[in-house]
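Chemist: mind folding the following:
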Amino acid sequence: MNMDMRDGRESVGFWHRLAAYLLDLIPIFIIVVTVSPYFQDFYVSMMAYLEGQNSEAERVMFLSERNMRRDMLFVIWVLYSAGMECTPLQGTHGKWLLGIKVEHEYGGRISLCKH
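Modeler: As a prediction, the model looks like this:
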């Protein structure tokens, strides 16, 4: 394991953090892909775009819907990460699976509000 010692605590390296991030993306991506077609005509515009014989309006519609999906994924990720790191798990599910805990500088659980 690539870990640094700081004040008696271990700091997790890049590869462990990346693995936790990738584990966290799986359920979030599935939720976004499952829910987003109900809010937009993404698949119709994507198929029209991929067929190659599309107008400027179809390209604009596809790109705007793609950007909406990307933005939705980002908002869900921020809320998920911020919320999970303040729970008793002290991290997201991916971090929990890898045994990683998020702590403040004194070793305790972080919170959204500064006391």
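
Chemist: in stretch 79-89, which residues are buried?
Modeler: By neighbour count on 16 or more other Cβ atoms under 10 Å, the buried set for stretch 79-89 is 80, 81, 84, 85, 86. Quick note: C-beta positions are derived from backbone N, CA and C, even for glycine.

Chemist: how about stretch 88-103?
Modeler: By neighbour count on 16+ other Cβ under 10 Å, the buried set for stretch 88-103 is 90, 91, 92, 93, 94, 95, 96, 100, 102.

Chemist: check which helices and strands the lengthiest helix in the chain sits against.
Modeler: Secondary structure assigned by DSSP state H gives helix 56-85 as the longest helix of the chain. On a contact count with 3 or more Cβ pairs under 8 Å, 6 or more residues apart in numbering; DSSP states H and E, helix 56-85 meets helix 14-35, helix 42-51.

Chemist: for residue 70, which of the ones you listed is the nearest?
Modeler: Nearest of the helices and strands packed on helix 56-85 to residue 70, taken as Cβ to Cβ: helix 14-35 at 9.3 Å.
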